[in-house]
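K.L.:
let's see this in three dimensions:
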Amino acid sequence: MQDMILKQAESSLVMQILLAMLPLLALLVLVAFVRFWRAGFWSRQLSEGDGGPLMVALRKI
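P.N.:
Numbers count the residues shown, from 1 in each chain. This is a model prediction of the structure:
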């Protein structure tokens, strides 16, 4: 019984750590997106016309 409780607490701690890292990951993705946008990366790709599926999706925006 005690082993099961300890195992559950350990997995809960791991889940808490992972859930705490999700906002950080979202922030990093947002920062990367903004940096690429401001650097003009996507506008260069769109002007070349050879961007792949991501560029086709961005053209529709």
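
K.L.:
how close does Leu27 get to Met1?
P.N.:
Using Cβ to Cβ, to the nearest Å, we find Leu27 at a distance of 41 Å from Met1. The way it works is simple: take the backbone N, C-alpha and C, and place the C-beta from them, glycine included.

K.L.:
how far away from the center of its chain is the helix or strand encompassing Leu22?
P.N.:
In the assignment (DSSP states H and E), Leu22 maps to helix 2-38. With Cα atoms, centre = their mean, to the nearest Å as the basis, helix 2-38 stands 11 Å off its chain's centre.

K.L.:
packing partners for it?
P.N.:
Applying 3 or more Cβ pairs under 8 Å, 6 or more residues apart in numbering; DSSP states H and E, one finds that helix 2-38 makes contact with no other helix or strand.

K.L.:
distance between the ends of stretch 43-54?
P.N.:
For stretch 43-54, the first-to-last residue distance is 12 Å (Cα to Cα, to the nearest Å).

K.L.:
let me know the average pLDDT across stretch 13-25.
P.N.:
Rounded to a whole number, the mean pLDDT of stretch 13-25 is 85.

K.L.:
residue nearest the centroid of the chain?
P.N.:
Val29 (4.5 Å; Cα atoms, centre = their mean).

K.L.:
ok, that one - contacts?
P.N.:
Val29 sits next to no residue when contact means Cβ atoms under 8 Å, 6 or more residues apart in numbering.

K.L.:
for the chain, which spans come out with low pLDDT?
P.N.:
5, 9, 42, 44-52, 55-56, 58-61 (pLDDT under 70).

K.L.:
ok, now how distant is Met15 from Phe41?
P.N.:
36 Å.

K.L.:
for Leu25, same thing?
P.N.:
21 Å.

K.L.:
before we move on, what about Met1?
P.N.:
56 Å.

K.L.:
same check, this time on Leu6
P.N.:
Taken as Cβ to Cβ, the span from Leu6 to Phe41 is 49 Å.

K.L.:
before we move on, the earlier item: who's more crowded, Leu27 and Met1?
P.N.:
Using other Cβ atoms under 10 Å, the more surrounded residue of Leu27 and Met1 is Leu27, with 10 against 5.
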